[in-house]
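> 3D, please:
(one chain, ligands or ions: 1)
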Amino acid sequence: MFKKFGLIAAAAMLATGAFSSANAADVIRVGTEATYAPFEFMDENAKPQGYDIDIINAIGEAMGYEVEVVNMPFDGLIPALMTSQIDAVIAAMTITEERAKRVDFSEPYYKSGLSVLILEQNKDKYKTLESLKGQPLCAQIGTTGAMKAEELSPGNAKSFNTEPEAFMELKAGGCQGVVNDRPVNLYYLSSNASEGVIEMSEMITAEDYGIAVNKGNTEMKQIIDEGLKKIRDNGKFAEIHKKWFKVAQ
Ligand code: ARG
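Reported below is the predicted structural model:
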């Protein structure tokens, strides 16, 4: 009886907006794809961690908002944003012209770029990007790496839901190279899992990461840009960079 009353009371409050809208205003729902260390990954307790998570939490803190991180597939992030299931995306997402047609981006917050991983045993075979032509190349679905893989070896790009799956496929011999963001490749190379894997010296492109918001959501963009500026000014941004990359930016 008591339980039922509680439910009805809650429903009534929801209907009048007594707590739902108050909550919604103070919480920023942020989508990410947490298999992308060191930017976003799940720790032992299935809690999202990483550079991006620290950055967005610091922005929230600086601006007086609570941040709720929602994990989803990378190629589902922009659709989730466009249907307002989330308010923002932080996912090591590169600001591209193509994406900027569908979403708005914050000021750039991280300078990145792509590189290619190959097996060490093939280092004499693949010395140039050109030599990868016609070879199967792996990447994460929907990423700039996947687009580049298609460009380097037309018709031979293979996409995986997560980056770790692409790395595993390289080791298993299912592809000859992985095209991916360089800082994530370097992080992988510093782990034991990458034995026998090396990076090709030719770096591909320079890219900037941005935090995406719904097209026209100037309020959210302003909150994020202002938060970014605040944490750059108060030293928090540099502190987070040092924590994850061991060096000053
Ligand atoms: N920077 C690349 C892109 O924007 C890859 C991002 C992948 N991010 C992730 N969380 N899996 O396409």
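> roughly how far apart are Val197 and Thr128?
18 Å (C-beta to C-beta, to the nearest Å). The C-beta positions use only the backbone N, C-alpha and C, and glycine is treated the same way.
> More neighbours: which of the two?
The neighbour comparison of Val197 against Thr128 (other C-beta atoms under 10 Å) goes to Val197, with 18 against 10.
> who's in contact with the nearest residue to the more buried one once chain neighbours are set aside?
Distances taken as C-beta to C-beta, 6 or more residues apart in numbering place Leu117 nearest to Val197, at 5.4 Å, with adjacent residues excluded. Leu117 is in contact with 167, 170, 177-178, 180, 185, 188-189, 194, 197-200, counting by C-beta atoms under 8 Å, 6 or more residues apart in numbering.
> now do 10 Å
Contacts here follow C-beta atoms under 10 Å, 6 or more residues apart in numbering; on that basis Leu117 touches 138, 166-167, 170-171, 175, 177-180, 182, 185-186, 188-189, 194, 197-200.
> Pull out the buried residues from those residues.
If you count burial by 16 or more other C-beta atoms under 10 Å, the buried members of these come out as 138, 166-167, 170-171, 175, 177-180, 182, 185, 188, 194, 197-200.
> touching the ligand at all, the helix or strand where Lys148 lies?
Lys148 belongs to helix 144-152 when assigned by DSSP states H and E. Yes. Helix 144-152 comes into contact with the ligand (C-beta under 6 Å from any ligand atom), by way of Thr144.
> Any buried residues in that helix, and which?
For helix 144-152, the buried set under the neighbour-count rule, 16+ other C-beta under 10 Å, comprises Thr144, Gly145, Ala146, Met147, Lys148, Ala149, Glu150, Leu152.
> any chance of those residues in TSV, with pLDDT and distance to Glu98 too?
Formatted as TSV, the buried residues of helix 144-152 follow (pLDDT from 0 to 100; distance: C-beta to C-beta, whole Å):
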residue	pLDDT	distance to Glu98
Thr144	97	10
Gly145	98	14
Ala146	98	13
Met147	97	9
Lys148	97	13
Ala149	97	16
Glu150	98	13
Leu152	97	18
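> Next, format those as JSON lines and append distance to Gly216.
Below are the buried residues of helix 144-152 laid out as JSON lines (distance: C-beta to C-beta, whole Å):
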{"residue": "Thr144", "distance to Gly216": "24"}
{"residue": "Gly145", "distance to Gly216": "29"}
{"residue": "Ala146", "distance to Gly216": "28"}
{"residue": "Met147", "distance to Gly216": "26"}
{"residue": "Lys148", "distance to Gly216": "30"}
{"residue": "Ala149", "distance to Gly216": "32"}
{"residue": "Glu150", "distance to Gly216": "31"}
{"residue": "Leu152", "distance to Gly216": "35"}
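> Flag every buried residue along the longest strand along the chain.
If you go by DSSP state E, the chain has its longest strand at strand 110-119. Going by neighbour count (16+ other C-beta under 10 Å), the buried part of strand 110-119 is Tyr110, Ser112, Leu114, Ser115, Val116, Leu117, Ile118, Leu119.
> partner strands of that strand, parallel or antiparallel?
strand 177-181 (antiparallel), strand 197-199 (antiparallel), strand 206-209 (antiparallel) (DSSP bridges).
> how about the helices in this protein?
Taking DSSP state H to define them, one finds helices in the chain at 2-16, 20-26, 51-63, 77-82, 97-100, 144-152, 163-171, 182-189, 218-233, 236-245.
> Tell me which residues of the fifth one come out buried.
The one in question is helix 97-100. Arg99.
> Please renumber the chain so that the first residue is 48 from this point on.
Understood, numbering begins at 48; the last thing we discussed is helix 144-147.
> What is it packed up against?
In terms of contacts (3 or more C-beta pairs under 10 Å, 6 or more residues apart in numbering; DSSP states H and E), helix 144-147 is packed against helix 191-199.
> And the helix it packs on, what does it pack against?
So helix 191-199, by 3+ C-beta pairs under 10 Å, 6+ apart, packs with helix 144-147, strand 157-166, strand 184-187, strand 204-207, helix 210-218, strand 224-228.
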